[in-house]
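> what follows is a protein structure lacking sequence information:
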């Protein structure tokens, strides 16, 4: 029974929450949902247009815009699978088990929602005296009833499907029908947006009302699983990710051609889209709540308060970090947790001020209040790594003080030596470097000796050098390990009173893990780039108010560079590929902020004349040309072919590869030219050695190149598809023998797409699907109804392929398995506000990367559309965004550059104890690339036992003071290891796993490490244009002319 009050007053008027359906309409709706209507008097409820709840004012249900209906009495039949029939395939058995998991998971979820209402909301509403007012109860449990009713009806439909499972084996369409409604998004959006507010009310009530706190404790103790109210109320936020995992498992075990397969893919798309929207709304709600908490801790009259309340601030990152203060000798003086806020243009650090009972944090997360410690403008913040202080600021004109430490003495300031971070590690490394230089000089002197001496020979001297190199490597490892979680920021302070010189102060934070530090360094770097004029703003959302900010994950324009160094020639862009080559010299922060490591190969040329290739290095803060070479004809297409994976290489001649390791296939870059040439270059370095060359059949221009595990495909001007088979050995493709030629159609083969088991080739408006192995034509379909239109671009995502055409502004989506046309999007509608009066628009390039579909147009405008990332159908549901940075002419191409951040950065302590992969000692005394090592002596001892072990012991010097100068650690005193009687050389021992001896080759234990991709998007076209600046405005001067071939490079925030 509802208590007297507002709820009670509504009963005489007969108004109840939800839709009120007639029995006939309810039964009809149930049949449409694919379920029998077991309860003819059941009515469902849905939200009205109201999507927020407030705890202020006297309004209660009026603010919710809902009517009540009592559906909690619905007791749907428990879904049960019948006995398993005989003769099921293994996949059918797995599908039955997954269906059982879905049923069990949904039942548990519905029971949790009922517990929230029956164990918490209803008793609180009926309690006298009130532990929580009715108004606050409505706010805390806002939309829980609606969510319960949505899933109660889904459970009824699920029961029907379970009963029919062995006859139909279909579940995907039920998910689509149940969760594609706007009702579900509205209800869950309201719940997610209100979640932070609900937790805040509960927290405040716990602190101020002992009866309420006691009620929560009692309920938790009485519950069978001891789950708290917070644990129950967070389940709706976690529900859709759980659904997605279950449907992914179901899809993996659903063969092609199964009637449920397309429905499952569509269901996965609907749930992923729903989860993404809820995640974004939750992120925005949390961001608003954090900024509000921060604003409350600042004086209303302060400048920071005005900045925070202006509505122009966006919270990019917020985390609790540990600030540490070190003494002059490197000892830790104190450490304290701080809340650090990275806004789009400032950095704020606050003390966390816990007040009240900490015991309630076990019942509901205790949101802290803050006291601002300092804030500074973002452009003045610098990240300083251990041992890299020299290059980041002007030592002569800047004094450094440590935040929280006592002011340095006058002598200390004069010497400008304040020790931060690991104690004297950098100084110790420098000492070792000096000692190594001395020992190398001694080695040279020993080499001039004429006599032979037992304790003084070249073997001993060389062992000294190797031992010092090992000690240097250990020291570098310690510095590198310290950098993994140590975030050191140099911040501006007030000028020195006496000298007037600026004083900067250093703040050292310890992040929870290496991922956190990478995230901070990356976001700080991109936030600074985001403050440049061309990124203010860089993207606009069409048909929305101008106040809306681009999301935090938006790509940021990092640089604009000319595509060719020879400005005098009017070279047209043809193609671009990225060759990922990691640079071992980059430090921790450089890896976190740099563009994807490797080289950009840009090809082009002049019509009827020669071609040119320009190679850019991305291993520096800004791309720079490292090589340029001419070709006989313009480059029309390029294809990067990575080193074949182990599974593929096993199919080849293993004995040949094993006998001659140099014959193994390395990454290559293939170029297709206008004169019919196909050139193959090695991509490991910039030596640009042409490994092979051939001519296409009939010397036809090569319009497109694609590779599969078995063939290199070339699409030619005359409608022929040439297939060059893969070979074993140093040359990946057989270019000497005539290729297998297939006639695709009468017109040019404009684009190719290589899928797992098929190759798609376009000719005119038709697309031909070929088997990837046998190259037999499987089927052909018409992608466009106009015979004069050609398919020009195809990109795959999930289970769909997006296509662009030679005319028109539309792009179309086709299913990879059924070839069904699923969606069509008109790009022109997204750009009308940017190009008023522009009627004709054509799509000239397509790219899909990390859940974003990039569309380039002939007007130089680039459109960004969100697409699902998972195995579902990549339907476009959002409006997307339009870049205000583009080209003066058509976008010739869109390409992606990706590289994997070194997995050593992310090594856990357990993995570090297993040991790093050893590397050969580098020549000329250069220390190898440092690898992180654990700080504990035992773990470090385990680490050092792996790899090359080189030892030389002098029995006659064992009694002398000082550490044993050897590459190998000294054996324990009780060891029974044999002494070497002769001082005649060194002993080499191999590691357990021979695989780890091959440089840059991953071993088995690296497979499970999480990889982080650094991603950049490159567009090529004529000139650079900012569509947001007025003509003749005072913008930044363009680095290139309007007709010069230009590259725009966008950096994508790291996805952690």
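Done, it's in. Note that the structure is predicted; figures quoted are calculated from it, not measured.
> is residue 817 in a helix, a strand, or coil?
At residue 817 the chain is in coil, as set by DSSP: H, G, I helix; E, B strand; the rest coil.
> quick check: it vs residue 832, distance?
Noted for residue 817: a distance of 35 Å to residue 832, by C-beta to C-beta, to the nearest Å. Heads up, the C-betas are built off the backbone N, CA and C, glycines and all.
> next: residue 106.
44 Å.
> okay, the two: which has more neighbours?
residue 106 (19 against 15; other C-beta atoms under 10 Å).
> before we move on, which element is the nearest residue to the more buried one once chain neighbours are set aside in?
Closest residue to residue 106 apart from its sequence neighbours, by C-beta to C-beta, 6 or more residues apart in numbering: residue 155 at 5.8 Å. Under the criterion of DSSP states H and E, residue 155 resides in helix 144-163.
> which positions in the helix or strand just after that helix come out as buried?
For helix 144-163, the following helix or strand on the C-terminal side (DSSP H and E) is helix 165-168. By 16 or more other C-beta atoms under 10 Å, the buried positions in helix 165-168 come out as residue 165.
> quick check: what element follows the least confident helix or strand in the chain by mean pLDDT along the chain?
Least confident helix or strand, the chain: strand 987-989 with a mean of 26, by mean pLDDT, DSSP states H and E. As assigned by DSSP H and E, the chain's next helix or strand after strand 987-989 is strand 1013-1022.
> show me what that next one is packed up against.
The helices and strands touching strand 1013-1022, judged by 3 or more C-beta pairs under 8 Å, 6 or more residues apart in numbering; DSSP states H and E, are strand 572-579, strand 843-849, strand 852-857, strand 891-900, strand 1045-1052.
> ok, the third one: who's next to it in the sheet?
Counting by DSSP bridges, the strands paired with strand 852-857 are strand 843-849 (antiparallel), strand 862-866 (antiparallel).
> specify the angle between that strand and strand 1045-1052 in degrees.
Put simply, strand 852-857 runs at 160 degrees to strand 1045-1052, going by axes from the mean of the first three to the mean of the last three C-alpha atoms, to 10 degrees.
> contacts for strand 852-857 next, please.
For strand 852-857, contacts defined as C-beta atoms under 8 Å, 6 or more residues apart in numbering pick out 555, 795, 797, 802, 804, 809, 811, 827, 831, 841-848, 862-867, 874, 876, 890-894, 1017, 1019, 1021.
> rerun that using 6 Å as the cut-off
827, 841, 843-845, 847, 862-865, 867, 891, 894 (C-beta atoms under 6 Å, 6 or more residues apart in numbering).
> please convert those to JSON lines, extending it with distance to residue 289 and neighbour count.
Formatted as JSON lines, the contacts of strand 852-857 follow (distance: C-beta to C-beta, whole Å; neighbours: other C-beta atoms under 10 Å):
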{"residue": "827", "distance to residue 289": "37", "neighbour count": "22"}
{"residue": "841", "distance to residue 289": "42", "neighbour count": "22"}
{"residue": "843", "distance to residue 289": "41", "neighbour count": "26"}
{"residue": "844", "distance to residue 289": "43", "neighbour count": "23"}
{"residue": "845", "distance to residue 289": "41", "neighbour count": "23"}
{"residue": "847", "distance to residue 289": "36", "neighbour count": "20"}
{"residue": "862", "distance to residue 289": "34", "neighbour count": "29"}
{"residue": "863", "distance to residue 289": "33", "neighbour count": "24"}
{"residue": "864", "distance to residue 289": "28", "neighbour count": "21"}
{"residue": "865", "distance to residue 289": "30", "neighbour count": "22"}
{"residue": "867", "distance to residue 289": "30", "neighbour count": "26"}
{"residue": "891", "distance to residue 289": "40", "neighbour count": "26"}
{"residue": "894", "distance to residue 289": "37", "neighbour count": "25"}
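> quick revisit: okay, the strands paired with strand 852-857 in JSON lines with mean pLDDT next?
Output for the strands paired with strand 852-857, formatted as JSON lines (pLDDT from 0 to 100):
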{"stretch": "strand 843-849", "mean pLDDT": "93"}
{"stretch": "strand 862-866", "mean pLDDT": "91"}
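> can you lay out those strands as JSON lines showing distance to residue 756?
Listed next are the strands paired with strand 852-857 as JSON lines, based on distance: least, C-beta to C-beta, whole Å:
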{"stretch": "strand 843-849", "distance to residue 756": "16"}
{"stretch": "strand 862-866", "distance to residue 756": "24"}
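> which one, of these, ends up nearest to residue 130?
strand 862-866 (45.4 Å; C-beta to C-beta).
> tell me what the helix or strand that comes right after the closest one is packed against?
Counting by DSSP H and E, the element after strand 862-866 in chain order, helix or strand, is strand 881-883. Judged by 3 or more C-beta pairs under 6 Å, 6 or more residues apart in numbering; DSSP states H and E, strand 881-883 is in contact with strand 539-540, strand 862-866.
> out of those, nearest to residue 294?
Here strand 539-540 is closest among those (C-beta to C-beta), at 26.1 Å.
> residues in contact with the closest one?
If you take C-beta under 6 Å, 6+ apart as the criterion, strand 539-540 is touched by 550, 554, 881-883.
> where does residue 305 land on pLDDT?
For residue 305, the model assigns a pLDDT of 74.
> number the residues from 13 up from this point.
Will do, 13 is the new start, and the previous item becomes residue 317.
> that one: what's it in contact with?
When the contact criterion is C-beta under 6 Å, 6+ apart, the partners of residue 317 are residue 310.
> quick one: residues in contact with stretch 607-616.
With C-beta under 6 Å, 6+ apart, stretch 607-616 has contacts from 575, 583-595, 625-631, 647, 650, 681, 909-911, 1026, 1028.
> my error: substitute stretch 383-391 in the last question.
Contacts with stretch 383-391, where a contact means C-beta under 6 Å, 6+ apart, come from 309-310, 316, 357-363, 365, 503, 539-540.
> take those and lay them out in a markdown table including neighbour count and secondary structure.
Converted to a markdown table, the contacts of stretch 383-391 look like this (neighbours: other C-beta atoms under 10 Å; DSSP: H, G, I helix; E, B strand; the rest coil):
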| residue | neighbour count | secondary structure |
| --- | --- | --- |
| 309 | 19 | coil |
| 310 | 21 | coil |
| 316 | 16 | helix |
| 357 | 18 | coil |
| 358 | 19 | strand |
| 359 | 21 | strand |
| 360 | 26 | strand |
| 361 | 21 | strand |
| 362 | 21 | strand |
| 363 | 17 | strand |
| 365 | 11 | strand |
| 503 | 18 | strand |
| 539 | 24 | helix |
| 540 | 17 | helix |
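> can I get the residues you listed in TSV with distance to residue 172?
Output for the contacts of stretch 383-391, formatted as TSV (distance: C-beta to C-beta, whole Å):
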residue	distance to residue 172
309	54
310	57
316	58
357	55
358	56
359	56
360	55
361	57
362	54
363	57
365	55
503	63
539	52
540	57
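> what's the distance between residue 789 and residue 186?
37 Å.
> sorry, back to before: can you list the helices and strands packed on strand 1025-1034 in CSV and add distance to residue 392?
Listed next are the helices and strands packed on strand 1025-1034 as CSV, based on distance: least, C-beta to C-beta, whole Å:
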stretch, distance to residue 392
strand 584-591, 33
strand 855-861, 33
strand 864-869, 32
strand 903-912, 30
strand 1057-1064, 21
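> nearest to residue 102, of those strands?
strand 855-861 (33.3 Å).
> now do that closest one: everything it contacts.
By C-beta under 6 Å, 6+ apart, the residues outside strand 855-861 that reach it are 805, 807, 809, 816, 823, 839, 866-870, 902-903, 905-906, 908.
> identify, from these, the entry nearest to residue 217.
When the contacts of strand 855-861 are ranked by distance to residue 217 (C-beta to C-beta), residue 809 comes first, at 46.9 Å.
> enumerate every residue touching that closest one.
Contacts for residue 809 were tallied using C-beta under 6 Å, 6+ apart; they are 860, 879, 886.
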